[in-house]
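Undergrad: Have a look; sequence and predicted model below, questions after that.
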Amino acid sequence: MRGPQRIAIDGPAGAGKSTIGEQLARKLGYLYIDTGAMYRALTWLALQEQVDINDGPALGRLALSSEIVISRPQVADGRQYTVTLGGRDITWDIRSAPVTRAVSPVSIHPDVRTVIRARQRAMAQRGRVVMVGRDIGAVVLPDAELKIYLIASLEERARRRYAELVAQLGEHNPALPSMQQVMSDIQRRDSIDHDNMQPAADAIIVDTDNLNIAQVLEIICRYVEDKS
Ligand code: DC
């Protein structure tokens, strides 16, 4: 089969990138790489080692010495992939609230981005990939054969995140944040991520507000066929 070697899927938090990216990769038999997981793994390490999340050069050094590996799921517990750091499985740790709070400030440092982007480019050499993130089409893989940029309104993204949290934590769990809290968290991340979250000039913008997952996949698959 011909077809795009590299598919970039970018967009803001909660636009559906990881769900869509993982399903698309499975359908096409491509490797799925969620680049947010790399920033999250580094953030987890920084919190663990008590490195100041405002100290770009220190975080850059930490990134350089870190051994972050993303591989196909090694355990059947609902994970999309396995993330290890120095051999330790941190797949679920990187989804914790402290990591989610700190990851945007960590990922804005140029010293961090230089190291992580180089690793992402190296990973894309491994074969046919669906790479999901914020800056993949515009910066990491500017030559990607297909670039999709998913968007959705703030309200819709918050609604989706909230539904995910209810499914994870249960409706009556005291740890469940309010809808308002979820919305302001997304807004805060949007504003910090903003500069590293621009669609490439040749990206196809897909507004997912009124579309379900199957419909978004169908649209993207049509573009994949067009490139084949
Ligand atoms: O998609 P996510 O929520 O797991 O991403 C976590 C953070 O990582 C996000 O707030 C911004 C950052 N990120 C980035 O700057 N560039 C990417 N390509 C992917 C994620």
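TA: Thanks, I have it.
Undergrad: Distance of Leu28 relative to Ile204?
TA: In this view, Leu28 and Ile204 are 17 Å apart by Cβ to Cβ, to the nearest Å. C-betas here are computed from N, CA, C, even on glycine.
Undergrad: scratch that, Ile90 is what I was asking about
TA: To Ile204, Ile90 is 33 Å away according to Cβ to Cβ.
Undergrad: So if I had to pick from these two, which one is more boxed in?
TA: Counting neighbours by other Cβ atoms under 10 Å for Ile90 and for Ile204 shows that Ile90 has the greater number, 21 against 15.
Undergrad: which ones are touching that one?
TA: Applying Cβ atoms under 8 Å, 6 or more residues apart in numbering, we find Ile90 in contact with 41, 44, 83-84.
Undergrad: And it, its phi and psi?
TA: For Ile90, the backbone dihedrals (degrees, to the nearest 10) come out as phi -120, psi 20.
Undergrad: Over to Val224?
TA: Main-chain dihedrals, Val224, degrees, to the nearest 10: phi -60, psi -40.
Undergrad: Equivalent analysis for Val106, please.
TA: Dihedral angles for Val106 - degrees, to the nearest 10 - are phi -70, psi -40.
Undergrad: so which strand or helix has the residue nearest to it when sequence neighbours are not counted?
TA: Of all residues not flanking Val106 in the chain, Thr43 sits nearest, at 4.5 Å (Cβ to Cβ, 6 or more residues apart in numbering). Per DSSP states H and E: Thr43 is located in helix 36-48.
Undergrad: so what secondary structure elements neighbour that helix?
TA: helix 56-65, strand 68-71, strand 82-85, helix 97-107, helix 110-124 (3 or more Cβ pairs under 8 Å, 6 or more residues apart in numbering; DSSP states H and E).
Undergrad: burial count for Ala97?
TA: Ala97: 10 neighbours (other Cβ under 10 Å).
Undergrad: Spell out which parts of this structure neighbour the ligand.
TA: Proximity of the chain to the ligand (Cβ under 6 Å from any ligand atom) is limited to residues 13, 35-36, 39-40, 103-104, 107, 133-136, 189, 193, 196.
Undergrad: what's next to the helix or strand hosting Glu218, contact-wise?
TA: Using DSSP H and E, Glu218 sits within helix 213-226. The contact list for helix 213-226 (Cβ under 8 Å, 6+ apart) reads 3-4, 7, 9, 16, 19-20, 23-24, 27-28, 146, 148, 150, 204, 206, 208, 211.
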